[in-house]
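> Kindly generate the corresponding structure for this input.
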Amino acid sequence: DGTEYLEDINLTQKEFYEHLSGDHDVSTSQPSPETILNLWEKLLEEYDAVVHIPMSSGLSSSCQTAKMLADDFDGKVQVISVTQRRSVQDALDMAAAGMDAEAICKKLEETGLDSTIYVTVDTLKYLKKGGRITPAAAALGTLLRLKPVLTIQGEKLDAFAKARTMKQARSMMITAITRDLENQFDDMTGEKTYIDVAHTDNDEMAQELAAELRELFPETEVRVEPLSLSVACHIGPGALAIAATKKLEIGSLL
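Numbers count the residues shown, from 1 in each chain. Modelled structure (predicted):
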């Protein structure tokens with residue numbers, strides 16, 4: 001409704017979903033150049049360099065903006081577009097091991113596509129609202145009670161399958177992740193892979209999904225996190241996602 005909020009700073013998850021379910025005017029925007037520059041300049045007062053990891057360039061223009069702004073920092077700011085959460089943790093681990101920003105960015109670029117993601121939504125309302133599907137497709141999907149399963153491979157979001165129930169959609173995603181671990185990652189046990197579950201205001205079902213994955217892949221930790229509100233805005237409440245990302249062997253890089 002024309003007021004700017006920052007996730008988990010002056011807007012809680014609960015407040016956001018109350019706005020969304022109340023049919024308020026909710027939209028997203030990339031950070032302003034001024035906000036990014038001020039952040040980098042503040043960080044560089046204390047640190048030698050910054051590795052900046054924005055949302056994937058395939059999903060947002062924020063990455064291209066950041067790369068353009070970084071040109072004026074003489075290599076002190078490295079911008080990389082990859083799967084966000086696990087790449088941030090890998091970057092922290094590499095920095096702790098003594099790698100510099102340029103080496104961290106190079107390694108993240110080399111391994112940035114070593115992930116596979118599946119998402120299912122509970123409602124087509126918000127995909128229609130954002131222009132990502134046509135009103136006719138949304139109406140037909142709602143009539144047939146379809147739950148689309150989407151996939152992100154690399155930086156591109158594509159349709160993957162259609163389910164009639166969330167239970168069937170969950171089963172499809174688990175089957176797809178299991179196949180990808182075997183065929184793409186050569187890791188049937190999950191020992192060499194991070195597995196994450198994410199959701200939009202759907203923690204109970206996300207925890208159930210995580211429990212199923214822990215039984216299938218007991219060799220790896222399965223984390224559960226809420227999806228970023230900048231994504232939730234476009235897919236609505238009730239969504240579930242599974243992401244698998246190859247683990248980096250930090251010791252072997254040094």
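> Just give the nearest non-adjacent residue to residue 146, would you?
In space, residue 146 comes closest to residue 162 once its chain neighbours are excluded; the distance is 5.0 Å by CB to CB, 6 or more residues apart in numbering. (C-beta placed from N, C-alpha, C; glycine too.)
> average pLDDT across the helix or strand where that neighbour lies?
Assigned by DSSP states H and E, residue 162 belongs to strand 156-163. When pLDDT is averaged over strand 156-163, the result is 80.
> roughly how far is the helix or strand following that strand from the heart of the chain?
Per DSSP H and E, the first helix or strand lying C-terminal to strand 156-163 is helix 166-183. Relative to its chain's centre, helix 166-183 lies at 18 Å (CA atoms, centre = their mean, to the nearest Å).
> ok and whatever helix or strand comes next after helix 166-183 relative to helix 166-183, angle-wise?
As assigned by DSSP H and E, the chain's next helix or strand after helix 166-183 is strand 193-199. With axes from the mean of the first three to the mean of the last three CA atoms, to 10 degrees defining the directions, strand 193-199 sits at 160 degrees from helix 166-183.
> In this protein, mark out all the strands, start to finish.
50-52, 77-79, 115-120, 147-153, 156-163, 193-199, 222-226, 240-246 (DSSP state E).
> So in that sheet, which strands flank the fifth one, and in what orientation?
Using DSSP bridges, the strands paired with strand 156-163 are strand 147-153 (antiparallel).
> about what we covered before: let's have the strands of the chain in TSV, adding mean neighbour count and distance to residue 11.
Below are those laid out as TSV (neighbours: other CB atoms under 10 Å; distance: least, CB to CB, whole Å):
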stretch	mean neighbour count	distance to residue 11
strand 50-52	21	22
strand 77-79	23	26
strand 115-120	24	22
strand 147-153	20	25
strand 156-163	14	25
strand 193-199	23	18
strand 222-226	16	13
strand 240-246	24	21
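> Contacts only, for the residue nearest to residue 199 when sequence neighbours are not counted.
In space, and not counting its chain neighbours, residue 199 is closest to residue 206: 3.8 Å by CB to CB, 6+ apart. With contact set as CB atoms under 8 Å, 6 or more residues apart in numbering, residue 206 has these partners: 197, 198, 199, 224, 240.
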